[in-house]
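# Mind looking at a prediction? Sequence and model below.
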Amino acid sequence: MANLTGAERARYVQSMFTRIASRYDLMNRLMTAGQDVRWRREVIHRANLPPAAHLLDLGTGTGDLSLEAKRQHPDCHPVAADFTLEMMRIGQERTRNAVAHPDWLGADALRLPFPDQCFEAAVSGFLFRNVIDIPQALSEQRRALKPGGLIVILDTTRPPDNLFTPFIRFHLRVIIPALGRLVTGEADAYTYLPDSTQAFLTAEQLAEHMRAAGFREVGFRRLMLDTIAIHWGVK
């Protein structure tokens with residue numbers, strides 16, 4: 001499924017995340033041994049939000065990054081946006097009785113419904129490996145950022161071959177699909193996710209895309225045996 005392209009891939013991704021929405025957070029904790037919570041903390045820390053900042057959390061899923069932003073910066077104003085409405089519905093249910101919660105909005109990463117220069121920062125968690133046009137997604141986020149605003153991207157990255165490669169491939173191709181089948185009953189979704197990791201850009205390639213989109217001071221940090229990376233840049 002990771003070799004799908006264009007609108008066909010977009011429809012598949014939307015349908016897949018709708019099916020796994022109720023167990024998505026649990027699977028993230030299991031697949032990363034809970035490390036994704038720490039990664040999200042770092043994403044918000046690197047966003048360097050000023051007081052009362054407006055934050056775009058794109059591809060928000062169930063809103064983990066927006067909620068982390070509110071924990072670190074209670075006065076910030078996160079907009080949690082995604083094109084999979086069921087994922088956001090799960091997040092809304094989770095925060096129904098919370099004092100602090102984001103504004104939820106259905107949105108396409110390639111056609112953001114925001115005016116120019118309205119956010120101090122834009123963050124995303126595991127969005128870019130699923131978009132069908134990475135340059136357009138970067139361009140739209142840059143357009144929506146104020147001058148000097150930061151973009152911070154948490155995503156998988158294609159690891160270089162090394163001594164750990166056989167173990168990484170076994171984990172991606174065997175352990176994750178088996179775990180996904182057991183926890184969610186959706187084996188194909190957790191075949192797509194490892195496949196999309198191996199088909200995605202290297203950390204260096206994504207950094208080049210960011211520079212080409214006009215971001216400066218681009219950097220990244222690899223995590224989890226080089227299978228995850230956090231990228232950042234400034235408009």
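Done, it's in.

# Check this protein and tell me which residue is nearest its centre.
Among the residues of the chain, Gly125 comes closest to the average C-alpha position under Cα atoms, centre = their mean, at 1.9 Å.

# and the closest residue to it other than its chain neighbours, what does it touch?
Closest residue to Gly125 apart from its sequence neighbours, by Cβ to Cβ, 6 or more residues apart in numbering: Leu154 at 4.6 Å. C-betas here are computed from N, CA, C, even on glycine. If a contact means Cβ atoms under 8 Å, 6 or more residues apart in numbering, then Leu154 has Trp39, Arg40, Val43, Leu65, Val123, Ser124, Gly125, Phe126, Ile228, Ala229, Ile230 as its contacts.

# just the residues you listed now: which is nearest Ala199?
When these are ranked by distance to Ala199 (Cβ to Cβ), Phe126 comes first, at 14.2 Å.

# Quick check: phi and psi at that closest one.
As for Phe126, its main-chain torsions (degrees, to the nearest 10) stand at phi 60, psi 40.

# I'd say it and Thr156 touch.
Yes: using Cβ atoms under 8 Å, Phe126 is in contact with Thr156, at 6.8 Å.

# and the residue nearest to Arg173 when sequence neighbours are not counted, how far is that from Arg129?
Counting by Cβ to Cβ, 6+ apart, the nearest residue to Arg173 once its immediate chain neighbours are dropped is Pro194, at 6.0 Å. Relative to Arg129, Pro194 is positioned 11 Å away (Cβ to Cβ, to the nearest Å).

# Between these two, which has more neighbouring residues?
Pro194 (23 against 19; other Cβ atoms under 10 Å).

# Go ahead and name everything in contact with stretch 173-180.
Under the contact criterion Cβ under 8 Å, 6+ apart, stretch 173-180 has outside partners Ile20, Met27, Leu30, Met31, Glu186, Ala187, Ala189, Tyr190, Thr191, Leu193, Pro194.

# and the fifth one, how many neighbours?
Using other Cβ under 10 Å, the number of residues around Glu186 comes to 17.
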